[in-house]
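Student: This is the structure alone, sequence omitted:
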DNA sequence: TTGCTGACCGACG
DNA sequence: CCGTCGGCCAGCA
């Protein structure tokens, strides 16, 4: 009955929504924040299920550890993910986030673990 | 019920 | 340098 706890996915979506505009994070960072450092794949899986969420999930802010838009192909548009990031001020080049290290948003640090 | 897959990550040779 | 493999958890046939 309450939000969080419905499943691993809801937690992922929740963290994803906490990502500030103009920032990006990695699957592993979210997975680790949830308590499963090796469950990065689940984060990606949750992103796939994010389409089932009634509320929009900024999945475009979630990229792999190198800042590459690995999931861009899964978006409705082929370059929708890149456009969304650029729309927020995040530069993307060759399916890769520019200055990813500077724009990297770590939930464990920003949220205060 | 078991087994495979999946938008990843890290290690090994 | 590059390719390959195992591990993590959850959903589906």
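Tutor: Structure received. Because the structure is predicted, anything quoted here is derived from the model rather than measured. Numbers count the residues shown, from 1 in each chain, chains lettered A, B, ... in the order given.

Student: do you know how far the residue nearest to residue A:69 when sequence neighbours are not counted is from DNA strand B?
Tutor: Nearest non-adjacent residue to residue A:69, counting by CB to CB, 6 or more residues apart in numbering: residue A:95, 4.7 Å away. To be clear about C-beta, it is placed using only N, CA and C from the backbone, and glycine gets the same treatment. Shown here: residue A:95 relative to DNA strand B, a distance of 11 Å by CB to the nearest atom of the strand, to the nearest Å.

Student: Next one: residue A:95 from residue A:84, what distance?
Tutor: Note on residue A:95: its distance to residue A:84, by CB to CB, to the nearest Å, is 13 Å.

Student: Residue A:39 now?
Tutor: Residue A:39 is 25 Å from residue A:84, by CB to CB.

Student: and what of residue A:51?
Tutor: 15 Å.

Student: again with residue A:13
Tutor: Separation of residue A:13 from residue A:84 (CB to CB): 16 Å.

Student: Residue A:60 too?
Tutor: Distance of residue A:60 to residue A:84, computed by CB to CB: 4 Å.

Student: And residue A:51 and residue A:84? Which one has more around it.
Tutor: Set residue A:51 next to residue A:84 and count neighbours by other CB atoms under 10 Å: residue A:84 wins out with 18 against 12.

Student: Double-check that the more buried one belongs to a helix.
Tutor: Yes: assignment of residue A:84 by DSSP: H, G, I helix; E, B strand; the rest coil places it within a helix.
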